[in-house]
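[1] Could you work out the structure for the sequence below:
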Amino acid sequence: MAVVVLFTTALVIIVALMTAAGAGKLARMDGATYPAALNRAAAAFAAVITVAAAVAGAFAAFLR
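    Numbering: from 1, shown residues only. Predicted structure coming up:
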């Protein structure tokens with residue numbers, strides 16, 4: 001069970017990093033400054049982590 005949790009956590013972090021990189025690149029291509037692009041990337045990373053935590057909480061409610 002612990003291996004599944006670690007694998008899922010690693011997968012979520014990888015997806016969040018890829019999403020943040022994509023958001024930062026798209027923001028930069030749109031003409032945003034580096035700080036603004038970094039801000040958008042951080043917001044995208046936080047959004048993915050938040051959604052993953054909400055989904056995990058919903059699944060935990062069903063497993064009780």
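
[2] Return stretch 17-27 as CSV; C-alpha atoms alone will do.
    C-alpha atoms of stretch 17-27 as CSV (Å, rounded to 0.1, in the frame of the first residue of the first chain):
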residue,chain,number,x,y,z
LEU,A,17,5.8,20.2,-12.7
MET,A,18,5.0,19.6,-16.4
THR,A,19,1.8,21.7,-16.1
ALA,A,20,3.8,24.5,-14.5
ALA,A,21,6.5,24.3,-17.2
GLY,A,22,3.9,24.5,-19.9
ALA,A,23,2.0,27.4,-18.3
GLY,A,24,5.3,29.3,-17.8
LYS,A,25,6.3,28.7,-21.4
LEU,A,26,2.9,29.7,-22.8
ALA,A,27,3.0,32.9,-20.6
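
[3] Sort out which residues of the helix or strand hosting residue 21 are buried, please.
    Residue 21 belongs to helix 2-29 when assigned by DSSP states H and E. Applying a neighbour-count criterion of 16 or more other CB atoms under 10 Å, one finds 12, 16, 19-20, 23-24, 27-28 buried in helix 2-29. For the C-beta atoms, the positions are set from N, CA and C on the backbone; glycine is no exception.

[4] Pipe the residues you listed into CSV and attach distance to residue 55 and pLDDT per row.
    Shown next, in CSV, are those (distance: CB to CB, whole Å; pLDDT from 0 to 100):
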residue, distance to residue 55, pLDDT
12, 9, 97
16, 13, 98
19, 15, 98
20, 18, 98
23, 20, 98
24, 24, 98
27, 26, 98
28, 29, 98
